[in-house]
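Engineer: sequence unknown, structure follows:
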């Protein structure tokens, strides 16, 4: 079962000056591209998957993303920078989420780049009845 990293590609930060030459047009799109590249570099393509979404409604916390998997705790992270270091930290933490049976990752294992970036945690959805 894959752990999904869902990145808001429309996220803009208050200091967003507009598109950089040759780069995606929003900080969220730049972060998504960096995370996609970081996941490819891990060789964990089946354990970690990346998808983009138009909005996670966390505009005050941009750049935002969600990490989750079926039957596991889900997490929303925000206030991320569109940098290779942030992307690597997110992917490293998501790998730990994928390896955890519940999705919970002990704080002592968190990469420094995700500390202070968590916005919320969501419980797994209940199994369907009937």
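Structural biologist: Thanks, I have the structure now. Quick caveat, the model's predicted, so the values are computed rather than measured.

Engineer: dump the residue contacts of the residue most central in space within the chain.
Structural biologist: Closest residue to the average C-alpha location of the chain: residue 65 at 4.0 Å, with CA atoms, centre = their mean. Counting by CB atoms under 8 Å, 6 or more residues apart in numbering, residue 65 touches 5, 6, 7, 8, 31, 35, 56, 76, 77, 78, 80, 90. The C-beta positions use only the backbone N, C-alpha and C, and glycine is treated the same way.

Engineer: can you tell me which of the residues you listed is closest to residue 48?
Structural biologist: Of all the contacts of residue 65, residue 5 has the smallest distance to residue 48: 6.6 Å, by CB to CB.

Engineer: tell me if that closest one really is in a helix.
Structural biologist: No: going by DSSP: H, G, I helix; E, B strand; the rest coil, the assignment for residue 5 is strand, not a helix.

Engineer: may I have the secondary structure class of the residue lying closest to it once chain neighbours are set aside?
Structural biologist: Sequence neighbours aside, residue 50 is the residue nearest to residue 5 in space, at 4.9 Å (criterion: CB to CB, 6 or more residues apart in numbering). Using three-state DSSP, the structure places residue 50 in strand.

Engineer: host element of the residue nearest to residue 7 when sequence neighbours are not counted?
Structural biologist: Nearest residue to residue 7, sequence neighbours excluded (CB to CB, 6+ apart): residue 32, at 4.0 Å. In the assignment (DSSP states H and E), residue 32 maps to helix 27-42.
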